[in-house]
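Chemist: sequence plus the predicted model coming up.
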Amino acid sequence: MFWNVPNSLTVMRILCIPLFVGIFYFPETTLPMHDKNVLATFIFAFAAITDWFDGYLARVLNQTSAFGAFLDPVADKLMVAAALVLLIELDRVGAVVALIIIGREIAISALREWMAGMGERSSVAVAFIGKIKTAVQMAAILFLLYYDPLGPLDISFYGEVLIYIAAILTLVSMAYYLKAAWPRMKAG
């Protein structure tokens, strides 16, 4: 089934990308930075929630599809990459950290495709370390999009700490997946 509720949510998530990025291009006189931060955070959070929700609905409604299995991770990677590039431009994330995260996403996606072509996709299926990495990364991006203090909490500081933790977890999870695929890679 090509068009179903989960796939529609995934497409909606992709359509959120230009919205949360575009907000920062409004003139400061039209939309103050704090309002830009709040709106972008809200849209990114909505998109992140639909990521979980579309997978849940696909399983519960038995509406899984090859198209959905392809598009869902693409939407995730586009969303994260767009947010990181935006955060570099806003000087809230360093380029090296963003390159580590985006580079890992591309490398592991390519590895999964290669392993799937060999009939061994399950050996590089999403692992717990990957889920932890994703959760920390999403929290970091949300904090760095919001950026402003929240009462006594210095959200930007926590976002910076979390993005560095996410970068470390990114490298650890990449090593995990490469180790899992190594026997097949070594065999040719």
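Modeler: All right, it came through fine. In this text the structure is predicted, and so the values were computed from the model without any measurement.

Chemist: and stretch 106-126, which residues are buried?
Modeler: Judged by neighbour count (16 or more other C-beta atoms under 10 Å), stretch 106-126 contains these buried residues: 108, 111, 112, 115, 124. All C-beta atoms are positioned from the backbone trio N, CA, C, and that covers glycine.

Chemist: look up phi and psi at the third one.
Modeler: Main-chain dihedrals, residue 112, degrees, to the nearest 10: phi -60, psi -40.

Chemist: quick one: it from residue 173, how far?
Modeler: 13 Å (C-beta to C-beta, to the nearest Å).

Chemist: what do you get for the fourth one?
Modeler: To residue 173, residue 115 is 15 Å away according to C-beta to C-beta.

Chemist: if we can go back for a sec, which pair in the buried residues of stretch 106-126 spans the largest distance?
Modeler: Greatest spacing in those, by C-beta to C-beta: 108 and 115 (10.1 Å).

Chemist: poorly predicted segments of the chain, please.
Modeler: The chain contains residues with pLDDT under 70 at 1-2, 121-124, 188.

Chemist: if we use 80, what do you get?
Modeler: Where the chain drops to pLDDT under 80, the residues are 1-2, 116-127, 184-188.

Chemist: that one: strands as residue ranges?
Modeler: With DSSP state E, there are no strands along the chain.
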